Each structure stands twice: as structure tokens, then as C-alpha cells.
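Undergrad: Predicted model and sequence below, questions to follow.
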Amino acid sequence: MAKLLYSIGGVLIFAGLISGFLYYGWGEHAWGAAFIVAISGFLSGIIFVALGAIIERLDMNAYYLEEILHRTPAPPASDKPRPAQHSYLKNNNRKTSLEALKGYKMDAKD
């Protein structure tokens with residue numbers, strides 16, 4: 001994918017510069033339009049090249065992370081019991097009960 005974006009960026013840069021200066025510059029003598037077309041082609045090509053560089057860096061990072069994962073030893077099996085569940089997590093209920101806050105009123109000092 002990175003190579004595709006690099007090549008699209010190169011084509012856009014080349015096409016923008018060539019079409020801007022050949023068609024608008026020497027063909028129609030509209031140098032303002034020639035510079036605008038050339039600069040827009042160059043900038044759009046640079047965007048594609050930058051996206052290709054970002055994807056290439058992401059691929060490289062993914063490769064290094066996979067390599068680190070394969071080199072890391074597996075964690076040892078533990079015979080220790082897991083920590084006890086808190087009282088508010090009984091019956092897989094993840095919401096805390098608000099019974100303890102019943103009747104609480106906030107003061108200006110809170």
C-alpha cells in the first residue's frame with residue numbers, strides 16, 4: 001500500500017508540474033494559472049507521499065511489535081488465587097448501589 005501511495009504521489013507531482021507549465025505556461029501564456037496548477041499538483045503529490053511514509057512506518061512498527069511478542073517468554077502459571085471481588089461487584093453487577101448516599105445533602109463547604 002505504501003508503494004502504491006508513493007507512486008501515486010510521484011505521478012501527481014510530475015503531472016502537476018508538467019501540465020501546469022506546458023499547457024498553461026507555454027500553451028496559453030497564463031503563467032498565474034500555470035503556477036497554481038503546478039503548486040496544487042505538487043502539494044497533492046506530497047500528501048500522497050506523506051501518507052505512504054506514514055503507512056510504511058506503521059508497517060515497520062507492526063513488524064517490530066510482532067518480533068518483540070515472539071521473543072517475549074510466556075508468563076509463568078501462577079497458583080495464587082485471584083483477588084476477591086468487591087462487595088459492589090456481586091452477581092456480576094457492575095453498577096454501584098446508591099443506597100449509601102440516600103438522604104445525603106450537599107453543603108456549601110462540599
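TA: Arrived safely, thanks for sending. Values in this document were obtained by computation on a predicted structure and should not be read as measured data.
Undergrad: any idea which helix or strand comes after the strand or helix carrying residue 11?
TA: Assessed by DSSP states H and E, residue 11 sits inside helix 2-18. Per DSSP H and E, the first helix or strand lying C-terminal to helix 2-18 is helix 31-71.
Undergrad: low-scoring stretches of the chain, by residue?
TA: 82-97, 100, 110 (pLDDT under 70).
Undergrad: contacts for the helix holding residue 11?
TA: 37-42, 44-53, 55-56, 59 (Cβ atoms under 8 Å, 6 or more residues apart in numbering). Bear in mind the C-beta positions are built from the backbone N, C-alpha and C, glycine included.
Undergrad: Now do it: distance to the chain's middle.
TA: 22 Å (Cα atoms, centre = their mean, to the nearest Å).
Undergrad: what secondary structure does residue 104 sit in?
TA: coil (DSSP: H, G, I helix; E, B strand; the rest coil).
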